[in-house]
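Novice: sequence and predicted structure are below.
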Amino acid sequence: AFFANKVEHESRHCNGKGMQRQGSSSFDRVYTANQNCGHAYPTFLAVLWCAGLLCSQAPAAFAGLMYLFVRQKYFVGYLGERTQSTPGYLFGKRIILFLFLMSVAGILNYYLIFFFGSDFEIHIKTITGAISPLLLIP
């Protein structure tokens, strides 16, 4: 809602009235940042749900909250110079990778239980719980 509100405000400020794509460079930056965040959101939701359901809920929820803050940083950075959005983008990629690896670990654990009867769920939860605070390091 914050991103859409910024696009609407910038559209009205630059173009007078109506939602038009052609405007100033500030409108183009806001619109592009909004589109980038919208395109990344389905991927984020998929890996968040998979990591939470298949691996561990607490580290997945922590990573999800971190991702939301990072996307806010990316969006605000994109409003300035485009190079200011790079740290938020790279940090977001790292969080998505962490969630993806959690999902893969949960799937592998499921197949280990199914085929070999070995359950590593406690070990996986311990490792992901220990690694999730490392996401705070820039």
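Specialist: The structure has been received and is ready for your questions.

Novice: how about the residue positioned nearest the centre of the chain: what's its closest non-neighbour residue?
Specialist: Against the mean C-alpha coordinate of the chain, by Cα atoms, centre = their mean, the closest residue is residue 67 at 4.1 Å. Here the nearest residue to residue 67 in space, its sequence neighbours aside, is residue 95; by Cβ to Cβ, 6 or more residues apart in numbering that works out to 4.6 Å. C-betas here are computed from N, CA, C, even on glycine.

Novice: elements contacting whichever strand or helix holds the one you found?
Specialist: For residue 95, the element it lies in under DSSP states H and E is helix 86-116. The contact analysis (3 or more Cβ pairs under 8 Å, 6 or more residues apart in numbering; DSSP states H and E) places helix 86-116 against helix 25-54, helix 57-79, helix 121-131.

Novice: between helix 57-79 and the shortest one, find me the angle.
Specialist: Orientation of helix 121-131 against helix 57-79 (axes from the mean of the first three to the mean of the last three Cα atoms, to 10 degrees) gives an angle of 30 degrees.

Novice: okay, the angle between helix 121-131 and helix 25-54?
Specialist: 150 degrees.

Novice: quick one, helix 121-131 and helix 86-116 angle?
Specialist: 170 degrees.

Novice: how distant is helix 121-131 from the center of its chain?
Specialist: 21 Å (Cα atoms, centre = their mean, to the nearest Å).

Novice: rewinding a little: the residue nearest to the centre of the chain contacts residue 44, correct?
Specialist: Yes. Residue 67 lies in contact with residue 44 (Cβ atoms under 8 Å); the separation is 5.9 Å.
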